[in-house]
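Q: Please work out how this folds:
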Amino acid sequence: MRWLLGIVIGVLAAAMIYLGTAAHSLSELASAARAGDGARVLQHTNVKALNHSLTDQIVRAYLERIGTKRTVGPLEKTLITTYGATIADAMVAKMLTADRLAQMLKIGKLEGAADLPSLSGIPTLADLDTGLSMLGRLHFIQPVLLGIRVSDSSAPDAYAAINLHFEDFGWKLSGIELPKAVVRTLAANLPVR
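A: Reported below is the predicted structural model:
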């Protein structure tokens, strides 16, 4: 019976450490966002994974936009995914500078510059309560990947979240799920054939 109690205590301790490290990393990221400190935000970010996350969302929105007007064949879909991802990747790279990323996370806006549209309506990370109420916003995607809803609403069109990935003995920002309207605005900047 003691071994069962030991296992239960061990599992509870592991769960507390797991969630505690995620909460600490989220708190550090939110603190950097509140301060507008782009360098600190980048320290808590996997820029390559974040870039990939945003690029995928933009290309999917672009394909949806084209798909409403006509049927997109498999070959065309492959070409759009490849070519569109290249263009979207360049756009996202401009968004993910230290200052612009910090601005997005702090005030929920991105002022248009250098071929970027002006964006607003991005829920801010700076306003997120990183205490115990965060548990109600948390969802497990994989054991090393957590999603945290940052939007007030969980309605599909307004939903926004960040993804934290466990790496290098800590959790890093690896994805931002933008509200659909924001993604559509970004996809509208991709060229239409």
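
Q: For residue 145, which non-adjacent residue is spatially closest?
A: Computed as Cβ to Cβ, 6 or more residues apart in numbering, the closest residue to residue 145 that is not its neighbour in sequence is residue 165, at 5.3 Å. C-beta: built from backbone N, CA, C; applies to glycine.

Q: hang on, that neighbour is in a strand, isn't it?
A: Yes - Residue 165 forms part of a strand when assessed by DSSP: H, G, I helix; E, B strand; the rest coil.

Q: Please verify my assumption that it contacts residue 144.
A: Yes - using Cβ atoms under 8 Å, residue 165 makes contact with residue 144 at a distance of 6.1 Å.

Q: between the two, who's got more neighbours?
A: Neighbours per residue (other Cβ atoms under 10 Å) separate residue 165 from residue 144, with residue 165 holding more: 18 against 12.

Q: how close does that one get to residue 93?
A: When distance is defined by Cβ to Cβ, to the nearest Å, residue 165 is 19 Å away from residue 93.

Q: Contacts for the one helix or strand residue 162 maps to, please.
A: Assigned by DSSP states H and E, residue 162 belongs to strand 161-167. Applying Cβ atoms under 8 Å, 6 or more residues apart in numbering, the contact partners of strand 161-167 are 21-22, 25-26, 46, 49, 53, 125, 141, 143-151, 171-177.

Q: at 6 Å what do you get?
A: Contacts to strand 161-167, defined as Cβ atoms under 6 Å, 6 or more residues apart in numbering, come from residues 144-150, 171-177.

Q: The next helix or strand after that strand versus strand 161-167: what angle between them?
A: Downstream of strand 161-167, the next assigned helix or strand under DSSP H and E is strand 170-177. For strand 170-177 against strand 161-167, the angle by axes from the mean of the first three to the mean of the last three Cα atoms, to 10 degrees is 150 degrees.
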